[in-house]
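> Below is the sequence, then the predicted model.
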Amino acid sequence: MKLMSLIIPCYNEEQSVELLYNEINRVSMELSAYEIEMLFVDDGSKDGTLKIVKSLAAEDRRVKYISFSRNFGKEAAMYAGFCNARGDLVAVMDADMQDPPSLLPKMVKKIESGQWDSVATRRVTRIGEPPVRSFFARMFYKIINKITDIEIVDGARDFRLMKREMVDAIVKMGEYNRFSKGIYGWVGFRTCWLPYKNIERAAGETKWNFWKLMLYSIDGIVSFSQVPLSIASVGGILLTLLSLVMVVFLALRRMIFGDPVAGWASLACIITFIGGVQLFCMGIIGQYLAKTYLEVKKRPHYIIADTNAEKAERVQ
Ligand code: UDP
Ligand code: MG
């Protein structure tokens, strides 16, 4: 029998894990051709999440858990899941039921048709989200798709079902600054997109605030595009040319009209402007440098404090 692994990153989800477990149980009846493995990755939860998962594991052999020594972030949790999932098919889904397990049978059918290696989900509405966030999200997708070679689909969720080959490729992408939406696009494979309506969280609240999303989007851009660096250099060249033109203009004006140069106010504006541009460009370089710094340190992605998964590497 084939094995399907479900990776479920959980951070303070004590109210949702059991709901999700029951729902997966219900759906697994429809997936009788597969043995199911549920891999709960407890990302350093401070509530009773781990306790609940452990009690589920005590009753059900199919429940595996990996518990981190602290909160390492959803990306690290997903990576731990990929590294330890043994399934022929592997799915990632949120613990809050926003990624409905009831879609799984449909996703499996798509893969079994032989036409696809991966089935991903995309929400078609952003109802229930603050308008400002939706606006910035849309902008982000527009920008990142312009400046990267890979396609990053607007509204794509992390909820996806993949074949083993794709999971192996993702595990090989061992970068520290992980941006899964980009990684999925980068490894390629034939991906089928299933649109679905946004579903509100079953319980608890979102772990993302505006600032975190902003930093995450910068991560995404820096990880998959070098265009901001080019913008900095092209901007520098243009400003240099502009200043040369200005020098010529002022020199000619002085020679022809004998105008003395006046106006410290305009000068102050120019200096501030150039200073701003320089700092902005240094900031861009700094972003890349900071990411490089973190990569070369080769710190582990996560540290496991407790697990019942076989052979899980404690530090990865
Ligand atoms: N999550 C995690 N570590 C974190 C933050 C979130 O493992 O540091 C998990 C969380 O438990 C949930 C999933 O990632 O299962 C998505 O988080 P959330 O629902 O807060 O994000 P949203 O759906 O609002 O984008
Ligand atoms: Mg959610």
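Nice, I can see it. In this text the structure is predicted, and so the values were computed from the model without any measurement. Ligands and ions are numbered 1, 2, ... in the order given.

> The residue of the stretch 151-300 of the chain found nearest ligand 2: how many residues sit nearby?
At 5.2 Å from ligand 2, Arg201 is the closest residue in the stretch 151-300 of the chain, using Cβ to the ion. In this view, the C-beta of every residue, glycine as well, is placed from N, C-alpha and C. Counted with other Cβ atoms under 10 Å, residues neighbouring Arg201 total 16.

> can you pull the contacts of the residue nearest the centre of the chain?
Nearest to the mean C-alpha position of the chain, by Cα atoms, centre = their mean, lies Phe179 at 3.7 Å. Applying Cβ atoms under 8 Å, 6 or more residues apart in numbering, we find Phe179 in contact with Glu75, Tyr216, Asp219, Gly220, Ser223, Phe224.

> Out of these, the closest to Thr292 would be?
Nearest to Thr292 out of those is Ser223 (Cβ to Cβ; 11.2 Å).

> if I pick the closest one, what's in contact with it?
Glu175, Asn177, Arg178, Phe179, Gly182, Lys291.

> The second one against Lys291, yeah?
Yes. A contact is recorded between Asn177 and Lys291 when judged using Cβ atoms under 8 Å, the distance being 5.2 Å.

> shared neighbours of these two, anything?
Asp219, Val222, Ser223.

> Contact partners for the first one?
Taking Cβ under 8 Å, 6+ apart as the contact definition, Asp219 lies against Asn177, Phe179, Lys291.

> helices and strands around the helix or strand harbouring Thr240, which ones?
If you go by DSSP states H and E, Thr240 is part of helix 227-257. Where contact means 3 or more Cβ pairs under 8 Å, 6 or more residues apart in numbering; DSSP states H and E, helix 227-257 is packed against helix 264-297.

> ranges for the helices of the stretch 101-250 of the chain?
In the stretch 101-250 of the chain, the segments counted as helices under DSSP state H, counting those that start in this stretch are 104-112, 131-147, 164-172, 180-187, 210-224, 227-257.

> now the second one, how far from the centre of its chain.
Shown here is helix 131-147, whose average C-alpha point lies 14 Å from the average C-alpha point of the whole chain (Cα atoms, centre = their mean, to the nearest Å).
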